[in-house]
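*Asks:* with the sequence up front, the predicted model follows.
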Amino acid sequence: MNSRLPQRYADRASVNTIREVFDYIRRYKGKTFVLKIEDTLIGHPLFPLLMKDIVQLHDIGIHLIIVTGTRATIEKHLTKAKINTRVVNGIRITPKSAMPHVKLAAMEVVQTVISHLSADNASGIMGNWIRARSLGVREGLDYQYTGYVEKIQSSIVHKLLGQNFIPVIYNIGMNATGNCYNLNSDKIARQICLDLDIEKLFFIRAQDAIPTSGLELPPGSQVHPNGKIYSNMDLDHVDFMLKQNKESLSFENLALLTYAKTVIDQPKGVNRVHIIDGRREGRLLQEVFSSIGGGTLIYGNQYAHIRQATLEDIPEILHLLDGNIKKGNMIIRTASDIKDKINAYHIYAVDHAVYGCGALYELGQGWAEIGAVAVNDAYKSKGIGRGLVQYIIQAAQKKHIKTLFLLTTQAADWFFEFGFVWANPSELPQSRREGYNPERNSRVLLLKL
Ligand SMILES: CC(C)(COP(=O)(O)OP(=O)(O)OC[C@H]1O[C@@H](n2cnc3c(N)ncnc32)[C@H](O)[C@@H]1OP(=O)(O)O)[C@@H](O)C(=O)NCCC(=O)NCCS
């Protein structure tokens, strides 16, 4: 055997990694990520590699929107022009004389980003798709040409994504009469998440993710194996951090955690916000394609909106089930059927609207059935169904249920993810076996708890 030949063999761990990556590709293909990139990264030796990684995401079919941060470049241009500006609570007051320099800085950053994209054969496109308003006078302070984002012209951005472009959005917005305002890029990224259907928001910056040192961490906090950065936080942890570490968190981290919270805590918001260090090789890919990641991930509490249904919820539940009954996905349930078993029903509710429901019917002798799992079409694929089923499985465990089962005609594949396996109707408890409708021929799935 020639020992100089490279070994043509991948160990089991790398095969599993490859499988994990395929799984993520399947999950994110066709979805949209927003990447807010700080301009301080531009001069870094690894910046071209970061841009290459971004293009790789685009090449596998993930839609991308880039928002450029311009703070350092604006600073550079203003210093050169000898214009002093004041920054109050992280907001720059922009006098009229500064605006041409702000615009110049914005163009410089956008053009650099677009040229990196085209070097890697991707088409970035810039445009003014932000409707802005003046911040005006607040607490006696005139913010002059500093503005805030009113809305994103989402239909144009959506169209560009459909044409395989990467929209690059910068920090200038116009009001209805064409006046330009200097805007905060983090807030632009946040607004895009609220106005478009976005899967993930990334803040890519020239500093570490959320650090752990010098901070009081909530119980159960998940720290990265290197011990230095916070790995995963749910919204309860974010609340804790904002409350207990107000003085110790940097102004920027405080602001990012607040934006993350406001963007996740919305029915149409994103599920996940990632804060990563763009100076570290491969961090973006690690965050997208591995469950461990390399930055700080902030995610919504799946269970925050789940509660037991009450009689007042019945019309909403009926409405939710009705569409599925008409499609033949579910058996008919009347208001009085639901009323009789109201304690079995759990709902995913935001304010008074019911976005999803599911029921746990106890049959005795350690058996229970999951049924009536449905999610409003407008909120599908946001993890609501998964959250409900996981919640119901936990509720069954607490009730010492030994075997959970369900009958489904259309969603067997989906339930396999929770560990359900195929079964035969003859395995059901007698009371349920008798009620089994052979004409409907539903699949029977079991889960041993
Ligand atoms: C099944 C259902 C409850 C899932 O709700 P959801 O909130 O969209 O689910 P999640 O967000 O947790 O998961 C979505 C994923 O499941 C997949 N999925 C949804 N329905 C599926 C089905 N019938 N079979 C296989 N996969 C399915 C989606 O494609 C999506 O995949 P992605 O994350 O890769 O994009 C919802 O689609 C629904 O209401 N279906 C109609 C009613 C029904 O069939 N109920 C089950 C019988 S009791």
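*Replies:* Structure received. Numbers count the residues shown, from 1 in each chain.
*Asks:* chain center to stretch 237-246, what's the gap?
*Replies:* Distance of stretch 237-246 from its chain centroid, counting by C-alpha atoms, centre = their mean, to the nearest Å, is 20 Å.
*Asks:* which residues does it contact?
*Replies:* For stretch 237-246, the external contacting residues (C-beta atoms under 8 Å, 6 or more residues apart in numbering) are 210, 215-218, 220-221, 233, 249, 254, 257-258, 260-261, 298. All C-beta spots, glycine's among them, are computed from the backbone N, C-alpha and C.
*Asks:* of those, which is the nearest to R386?
*Replies:* Nearest to R386 among the contacts of stretch 237-246, counting by C-beta to C-beta, is I298 at 18.4 Å.
*Asks:* that closest one belongs to a helix?
*Replies:* No: under the criterion used here (DSSP: H, G, I helix; E, B strand; the rest coil), I298 is strand, not part of a helix.
*Asks:* I'd guessed it sits against I276; true?
*Replies:* No: counting by C-beta atoms under 8 Å, I298 sits too far from I276 to count as a contact (11.8 Å).
*Asks:* the nearest residue in space to D197 that is not next to it in sequence: what's it in contact with?
*Replies:* Nearest non-adjacent residue to D197, counting by C-beta to C-beta, 6 or more residues apart in numbering: T32, 6.7 Å away. If you count contacts by C-beta under 8 Å, 6+ apart, T32 has them with 62-65, 161, 196-199.
*Asks:* in helices, which of those residues fall?
*Replies:* Using DSSP state H, the subset of these located in helices is L161.
*Asks:* drop anything exposed from the contacts of T32.
*Replies:* Buried by 16 or more other C-beta atoms under 10 Å: 62-65, 161, 196, 198-199, out of these.
*Asks:* just give me the closest of the residues you listed to the ligand.
*Replies:* Set against the ligand, the nearest of those by C-beta to the nearest ligand atom is E199 (9.3 Å).
*Asks:* how far away is that closest one from G30?
*Replies:* In this view, E199 and G30 are 9 Å apart by C-beta to C-beta, to the nearest Å.
*Asks:* over to S336?
*Replies:* For S336, the distance to G30 - C-beta to C-beta - is 42 Å.
*Asks:* what do you get for N424?
*Replies:* Taking C-beta to C-beta as the measure, N424 falls 37 Å from G30.
*Asks:* what about these two, which has more around it?
*Replies:* More crowded of N424 and G30, by other C-beta atoms under 10 Å: G30, with 11 against 8.
*Asks:* apart from its neighbours in sequence, what residue is nearest P429?
*Replies:* Computed as C-beta to C-beta, 6+ apart, the closest residue to P429 that is not its neighbour in sequence is W367, at 4.8 Å.
*Asks:* I65 pairs with what?
*Replies:* For I65, the beta-bridge partners are V34 (DSSP bridges).
*Asks:* wait, doesn't it sit right on I166?
*Replies:* Yes: look at I65 against I166 with C-beta under 8 Å: they come within range, at 7.3 Å.
*Asks:* just to revisit the earlier point, and I298 and I276? which has more neighbours close in?
*Replies:* Neighbour tally, I298 and I276, criterion other C-beta under 10 Å: the higher count belongs to I298, 28 against 24.
*Asks:* does D377 touch G323 like I think?
*Replies:* Yes: with contacts counted by C-beta under 8 Å, D377 reaches G323, the gap being 7.4 Å.
*Asks:* helices and strands around the strand or helix carrying L447, which ones?
*Replies:* Element membership of L447 [criterion: DSSP states H and E] is strand 443-448. Applying 3 or more C-beta pairs under 8 Å, 6 or more residues apart in numbering; DSSP states H and E, we find strand 443-448 packed against strand 403-408, helix 412-416, strand 421-423.
*Asks:* tell me which residue in this protein sits closest to the ligand.
*Replies:* Nearest to the ligand, among the residues of the chain, is G385, at 2.4 Å (C-beta to the nearest ligand atom).
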